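Undergrad: Next input, structure requested:
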Amino acid sequence: MSWTVIAALIIIGLIFLILEILVVPGTTVVGVVGFILMTIGIWQTYIVYGNTTGHYVLAGSLVLTLGVLGLSLRSKTWRHAMLDAKIDGKTNVFDETKIKVGDSGKALSRLVPMGKAFINDDYYEVRSSGEFIDEGSEIIITKIEHNKIFVKLNNTK
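TA: Predicted structure coming up:
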């Protein structure tokens, strides 16, 4: 077996082991295959080139594995691959002095059970209490909890 094949086995095995540690969760086939490939490469070195060369390849493989693992676990290595976008969206934030239980409005989208509504000259995300309310229906606020507005169909109109 040539040096190229042995080096390829060890390097591919090392790549599989790094993928197992950093990307694939749990103990999977990827890690087992990586370990087997590295073992075959080192074992073939002992058989073809003798004990002395086998010891050097084994030691080199261990140092290479620890070095690559240490390098890949540093935070600077992954800075280019990380998502660094900031989320600046808001939840349903509203002024509780503008709306209150009993206010009525209009469903702007179908509430299944959540959707958009127009209440007191402003747009809100609202929830029905389980029933589906069609778009354009008159609604009334039944409950306000934290940032959630619960509505029902306004049957009085």
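Undergrad: now for the helix ranked longest in the chain, which elements pack on it?
TA: In terms of residue count, the longest helix belonging to the chain (DSSP state H) is helix 51-73. Packing contacts for helix 51-73, counted by 3 or more C-beta pairs under 8 Å, 6 or more residues apart in numbering; DSSP states H and E, involve helix 3-22, helix 29-49. Where you see a C-beta, it was placed from the backbone N, CA and C, and this is true even at glycine.
Undergrad: looking at those helices, which is closest to Asn154?
TA: helix 3-22 (55.6 Å; C-beta to C-beta).
Undergrad: Go through stretch 25-42 and flag the buried ones.
TA: Using 16 or more other C-beta atoms under 10 Å as the test for burial, stretch 25-42 gives Val30, Gly31, Val33, Gly34, Leu37, Met38, Ile40, Gly41, Ile42.
Undergrad: should've said stretch 13-25
TA: Gly13, Leu14, Phe16, Leu17, Ile18, Glu20.
Undergrad: what's the distance between the fifth one and Lys152?
TA: Yep, that's Ile18 we're talking about. 56 Å (C-beta to C-beta, to the nearest Å).
Undergrad: do Thr65 as well
TA: Distance from Thr65 to Lys152, by C-beta to C-beta: 64 Å.
Undergrad: And Ser61, by the same measure?
TA: Distance, Ser61 to Lys152, using C-beta to C-beta: 69 Å.
Undergrad: That's all I had, so thanks and see you.
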